[in-house]
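Engineer: curious how this folds, go ahead:
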Amino acid sequence: MKSVFVFLFLGVSIIAAPKKLLVLGQKPDGHPPGTHEYMPGARIVKALLSGRDDLEVTITQADEPWTEGPKLIAKADCVVLFVNEGGRFIQENPKRAKAFKKFTQRGGGLVVYHWGMGAKKAELISPFLKMFGGCHGGPDRKYTVVKEAQFQVAAPKHPVMVGIKSFELPFEEFYYKLKVPKTPQNWTALVKVPIEGNEETVGWAWERPDGGRSVGYSGLHFHVNWRHEQYQRLIAQAVLWTLKRPIPNGGVKLKLDSKVLELKRP
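Structural biologist: Residues are numbered from 1 along each chain as shown. Now for the predicted structure:
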């Protein structure tokens, strides 16, 4: 009887173990202050998901040489990528590239936004697509600042978009005409924005063939746009969805202290 009790206790403990979220940021990359603010953005992601017993959040500044990277990735259940040219960042270090490959093969969740989905060199696009399902890549990549941008919910029934409404942004820089996998299955456009007369997909979700999930959003160039509730909910719910955690009706409740949104560089 005692052994049965111990077995049941251990079983419950395993089931209740919190999922591990790894949020990657970096120091400023030369863009003007208020843009490409990776570490402040990473801190906001952590704050959005604070207070949850089912989630353990770790932030790391992943500047080179970032030797602890492969070990941290190996322990994670979801990785949020907000770094300088993510396609290059992953592939430029063989150990890091191997760690990300193993991570996706075991069904790890991935969330990426803005320059984290970047790859200047065309040869970096394919490996990035296999992990994330979308890439701002190659010499023909497109980006522009859109004023009075119409953030349009393209898939209101998708779990990531629960409780998120279409609204107008005063301004935002979007990557568009993104590279995506050819005839992908279980790939969904989440957010669209009118750009140069076309409805351009700037956010997506993908249930990958390896069993994992990926979400990307090409906005968040300007740090100030974190103030929008729709942005906060989008990123928080993207993480939960990739972790295969339930998202409540009406969306997650946001309890973000306004001080977290203040831009503070070290």
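Engineer: quick one: low-confidence ranges for this structure?
Structural biologist: 1-16, 265-266 (pLDDT under 70).
Engineer: state which strand of it is the longest.
Structural biologist: The residue-count maximum for a strand in the chain (DSSP state E) belongs to strand 142-153.
Engineer: list the buried ones in that strand?
Structural biologist: 143, 146, 149, 151-153 (16 or more other C-beta atoms under 10 Å). All C-beta spots, glycine's among them, are computed from the backbone N, C-alpha and C.
Engineer: same for that strand, what does it pack against?
Structural biologist: strand 167-176, strand 187-195 (3 or more C-beta pairs under 8 Å, 6 or more residues apart in numbering; DSSP states H and E).
Engineer: so how far is the first one off the chain centroid?
Structural biologist: Here the centre of strand 167-176 is set off from its chain's centre by 17 Å, with C-alpha atoms, centre = their mean, to the nearest Å.
Engineer: same check on stretch 27-38?
Structural biologist: 18 Å.
Engineer: returning to what we had before: now the buried residues of strand 142-153 as TSV including distance to residue 99?
Structural biologist: As requested, the buried residues of strand 142-153 are exported to TSV (distance: C-beta to C-beta, whole Å):
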residue	distance to residue 99
143	29
146	36
149	36
151	34
152	36
153	34
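Engineer: check contacts around residue 126.
Structural biologist: Shown in contact with residue 126 (C-beta atoms under 8 Å, 6 or more residues apart in numbering): no residues.
Engineer: from residue 182, how far out is it?
Structural biologist: 11 Å (C-beta to C-beta, to the nearest Å).
Engineer: now residue 174
Structural biologist: Counting by C-beta to C-beta, the gap from residue 174 to residue 182 is 23 Å.
Engineer: which of those two has more neighbours?
Structural biologist: Remark: of residue 174 and residue 182, residue 174 carries more neighbours, 26 against 6, as counted by other C-beta atoms under 10 Å.
Engineer: verify the contact between the more buried one and residue 195 for me.
Structural biologist: Yes. Taking C-beta atoms under 8 Å as the definition, residue 174 is a contact partner of residue 195 at 6.5 Å.
Engineer: joint contacts of those two?
Structural biologist: Shared contacts of residue 174 and residue 195, counting by C-beta under 8 Å, 6+ apart, come down to 144, 146.
Engineer: which residues of the stretch 1-150 of the chain fall in strands?
Structural biologist: Taking DSSP state E, counting those that start in this stretch as the test, the strands found in the stretch 1-150 of the chain are 19-25, 55-61, 78-81, 109-113, 118-119, 136-137, 142-153.
Engineer: distance to residue 211 for those - can I get that in TSV?
Structural biologist: Converted to TSV, these look like this (distance: least, C-beta to C-beta, whole Å):
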stretch	distance to residue 211
strand 19-25	15
strand 55-61	20
strand 78-81	14
strand 109-113	11
strand 118-119	24
strand 136-137	25
strand 142-153	27
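Engineer: among the ones you listed, which comes closest to residue 34?
Structural biologist: Closest to residue 34 of those, according to C-beta to C-beta: strand 142-153, at 12.9 Å.
Engineer: note down every partner strand of the closest one and its orientation.
Structural biologist: According to DSSP bridges, strand 142-153 forms sheet pairs with strand 167-176 (antiparallel), strand 187-195 (antiparallel).
Engineer: much appreciated, bye for now.
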